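>>> okay, structure incoming, though there's no sequence with it:
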């Protein structure tokens, strides 16, 4: 039985979104148990006698505006309790929508890093035009990375894509300002030289940001600062494009065209709906930690819980440990 410690406090929406997702999830996956961690009084107002959730009470909440120094003082927070359940092997994975820097900091301090990995990396999956999707890491766990971090991101991304996404020989590229060998910062150039000699993975050089959503590459590696900007640019652009299409189609003189185009636009919307890929696995830690969006709804929580289950099912942490530390 896979057990997931689910911190359901400290996000923007009502906890009913998280609990409804958990309820739907356990109906779909009989091999997984959800442990709800949060304010017991609030939780019991939402769950019913048919729910089989274990509930762990937490009297404190880490808010979206808390910083790691403040958060670590909250000894009875739902985030810390959920993380410690995984640390103490009472659960296989933790899912939390709480403050990102707090989640990374507390997870790091409790789980530690895999040997020979110096920095963790957020590893979300993005939708793509060819329906394959792609992973990009890092997208915000670190501000600064060096070439060895980028190399480790590529190695971890390879293991994740092969096991969890079931891609036999995942292609990997470094995000850069051009595809020519001479372009890019020194750390990108240095990582490129190392990865060209790494025979265990399918490294294919550089990719520009304008080509990401085509889905031609399975894993994209970059530093957390650049990756986070890229993440928000893609999400924002897709949202604006969707809203503009909807707004223009609802104009009276476009109604007829909208009727005939409805199915096509619906398919495009579903293809690029990031809620289907919500949640990011923090790769590099000694345990499985999944960060959900701070504004997550039921659909996004469902996606994050599925990511936690699959990461545990394929024993992703142990497989990364073996791959990183095996002889080339």
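Done, it's in. Because the structure is a prediction, the values reported are computed rather than measured.
>>> ok, residue 106 touching residue 70?
No. Between residue 106 and residue 70 there is no contact under CB atoms under 8 Å: 11.6 Å. No exception for glycine: its C-beta is placed from N, CA and C like everyone else's.
>>> secondary structure element holding residue 108?
Following DSSP states H and E, one finds residue 108 within helix 100-111.
>>> tell me the buried residues in that helix?
Using 16 or more other CB atoms under 10 Å as the test for burial, helix 100-111 gives 100, 102-108, 110-111.
>>> tell me the mean pLDDT over it?
If you average the pLDDT over helix 100-111, you get 91.
>>> just checking, what packs against that helix?
helix 68-71, helix 78-87, strand 280-283, strand 288-291 (3 or more CB pairs under 8 Å, 6 or more residues apart in numbering; DSSP states H and E).
>>> now the element after that helix, going C-ward?
strand 121-126.
>>> so where's the stretch 51-200 of the chain shaky on pLDDT?
Within the stretch 51-200 of the chain, no stretch has pLDDT under 70.
>>> for the residue nearest the centre of the chain, which residues make a bridge with it?
Closest residue to the average C-alpha location of the chain: residue 280 at 0.9 Å, with CA atoms, centre = their mean. Judged by DSSP bridges, the bridge partners of residue 280 are residue 124, residue 291.
>>> turn the helices and strands packed on helix 100-111 into CSV, columns for distance to residue 16.
Converted to CSV, the helices and strands packed on helix 100-111 look like this (distance: least, CB to CB, whole Å):
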stretch, distance to residue 16
helix 68-71, 25
helix 78-87, 16
strand 280-283, 23
strand 288-291, 20
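>>> what's the closest of the ones you listed to residue 174?
strand 280-283 (16.4 Å; CB to CB).
>>> output the contacting helices and strands for that closest one.
With contacts taken as 3+ CB pairs under 8 Å, 6+ apart, strand 280-283 sits against helix 100-111, strand 121-126, helix 147-163, strand 288-291, helix 316-325.
>>> want to try TSV for these, with distance to residue 13 as columns?
Shown next, in TSV, are the helices and strands packed on strand 280-283 (distance: least, CB to CB, whole Å):
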stretch	distance to residue 13
helix 100-111	16
strand 121-126	19
helix 147-163	28
strand 288-291	16
helix 316-325	28
